[in-house]
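J.: turn this into a model:
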Amino acid sequence: DSTGDWSSDVCSSDLPWVIAMSHRPMWSSSTSSYQTYIRAAFQNLMLQNGVDAYLSGHIHYYERLYPLTSTGAVDSGSVIDQNTYRTNAGVSMTHIINGMAGNIESHSILSGKIQPKTAVLDMTHYGFNKLTFFNSTAMKFAFVLGKDGSIADEVTLLKPNVNGSSTRSEERRVGKECME
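T.: As a prediction, this is how the structure comes out:
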């Protein structure tokens, strides 16, 4: 098995959050043939094992995608608002690309159009990701600018309760409480 045995570790644990990371993205507004290979090798395995978010780099800009299904379609039922998504284990995961920690090659330039799957695209600034885990049902990704430490973008991920029930009003309330 070329993927190792990490999936059995995920399935046998009580991890509240599962974040996967790789150098290259599966999806982006900037398309490349390697993305097809990465998706073929890992995407279904990650979805089957409840991966909540996939972090990658390689492309020298910051891009936050909406939660995507295995076909690359936006899981619109998981988008609460522009900066709040609900996790949907087995159906979709959020993708964040940040290859802008700073490099001598400078920023990548998008040659085509920004795709509808893209929520935010920043090809100008340098920065890094900051993850904050509030509890087992709420976490936040922030894109922190290297020049001054300010937040250029952030998204909160919310999970349904253990019993699987969750309403949008409940998710908004939980998200706000976590931020206070």
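
J.: just to be sure, residue 42 is in a helix?
T.: Yes - inclusion of residue 42 in a helix is indicated when DSSP: H, G, I helix; E, B strand; the rest coil is applied.

J.: from what I see, it and residue 25 are in contact.
T.: No - here residue 42 lies out of contact with residue 25, judged by C-beta atoms under 8 Å, at a distance of 11.5 Å. Just so you know, the C-beta spots here come from the backbone N, C-alpha and C atoms, and that holds for glycine as well.

J.: so for these two, which residue has more residues nearby?
T.: Neighbour count, other C-beta atoms under 10 Å: between residue 42 and residue 25, residue 25 has more, with 26 against 17.

J.: ok, and the closest non-adjacent residue to the more buried one?
T.: Leaving aside its chain neighbours, residue 25 sits nearest to residue 56 (4.1 Å; criterion: C-beta to C-beta, 6 or more residues apart in numbering).

J.: swap in residue 94?
T.: That would be residue 53: by C-beta to C-beta, 6+ apart, it lies 4.5 Å from residue 94.

J.: ok, residue 75 next?
T.: residue 92 (3.6 Å).

J.: identify the bridge partners of that neighbour.
T.: residue 88 (DSSP bridges).

J.: residue 20 too?
T.: Here residue 20, judged by DSSP bridges, has bridge partners residue 54.

J.: what is the neighbour count of it?
T.: Residue 20 has 18 nearby residues by other C-beta under 10 Å.

J.: for residue 152, same thing?
T.: Neighbour number of residue 152 under other C-beta under 10 Å is 16.

J.: cool, and residue 113?
T.: Neighbour tally, residue 113, other C-beta under 10 Å: 8.

J.: distance of it from residue 124?
T.: To residue 124, residue 113 is 18 Å away according to C-beta to C-beta, to the nearest Å.

J.: what does residue 60 give?
T.: 11 Å.

J.: how about residue 76: what's its closest non-neighbour residue?
T.: For residue 76, the spatially nearest residue (C-beta to C-beta, 6+ apart) is residue 66, at 7.8 Å.

J.: surely the one you found and residue 85 touch.
T.: Yes - assessed by C-beta under 8 Å, residue 66 is found in contact with residue 85 at 7.2 Å.

J.: who has more neighbours, the two?
T.: When neighbours are counted by other C-beta under 10 Å, residue 66 and residue 85 differ, and residue 85 comes out ahead with 26 against 22.

J.: specify the local secondary structure of that one.
T.: Residue 85 is classified as strand under three-state DSSP.
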